[in-house]
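Participant: Let me see the structure of the following:
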Amino acid sequence: WTKGGKTGRPTSENSASRGSIFSRGTLVVCNVSLVGQWTDEAKSKLKDPGLICSYHGTNREKNATILAKNAIVVTTYATLASDAFYHKNKSNSTRYCPPCEKIRWWR
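Facilitator: As a prediction, this is how the structure comes out:
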């Protein structure tokens, strides 16, 4: 995936800034009670159900490059808030950017 002849991938996962990774995927942000429903519905509609990712819980994939390869990523408001505030405070880097913010989602 390129834009203007330049690749959207950073040289290092840790150096990625907001919107630096381009994705043709969709980020769905919903209430925690709807994560399972969104995931199941999307899996039933897509030809390749392996392209659906639930970005929720303690064992979620935090590598933005891997997340960007999915067609649909389903997450919650609380998860995004946790990434933005809690993990920012725990990070040693002053340039911390949460995984979902590193990706420029198609929609």
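Participant: Please make it C-alpha for all contacts and neighbour counts, starting now.
Facilitator: Will do.
Participant: Contact partners for the nearest residue to residue 49 once chain neighbours are set aside?
Facilitator: For residue 49, ignoring the flanking residues on the chain, the nearest one in space by CA to CA, 6 or more residues apart in numbering is residue 43 at 4.6 Å. By CA atoms under 8 Å, 6 or more residues apart in numbering, residue 43 lies in contact with 49-50, 52.
Participant: List the ones among the residues you listed that fall in helices.
Facilitator: Assigned to helices by DSSP state H, none of those qualify.
Participant: Weed out the non-buried ones from these.
Facilitator: By neighbour count, with 16 or more other CA atoms under 10 Å, the contacts of residue 43 hold 49, 52 as buried.
Participant: Tell me if the residue nearest to residue 49 really is in a helix.
Facilitator: Yes. Counting by DSSP: H, G, I helix; E, B strand; the rest coil, residue 43 is part of a helix.
Participant: And it, how far from residue 89?
Facilitator: The gap separating residue 43 from residue 89 is 35 Å, by CA to CA, to the nearest Å.
Participant: And for residue 53?
Facilitator: According to CA to CA, residue 53 stands 26 Å off from residue 89.
Participant: Show me which of the two is the more surrounded one.
Facilitator: residue 53 (22 against 12; other CA atoms under 10 Å).
Participant: how about that one, what does it touch?
Facilitator: 39, 67, 70, 72-74 are the contacts of residue 53 under CA under 8 Å, 6+ apart.
Participant: Kindly recompute the last result at 6 Å.
Facilitator: With contacts defined as CA atoms under 6 Å, 6 or more residues apart in numbering, residue 53 is in contact with residue 73.
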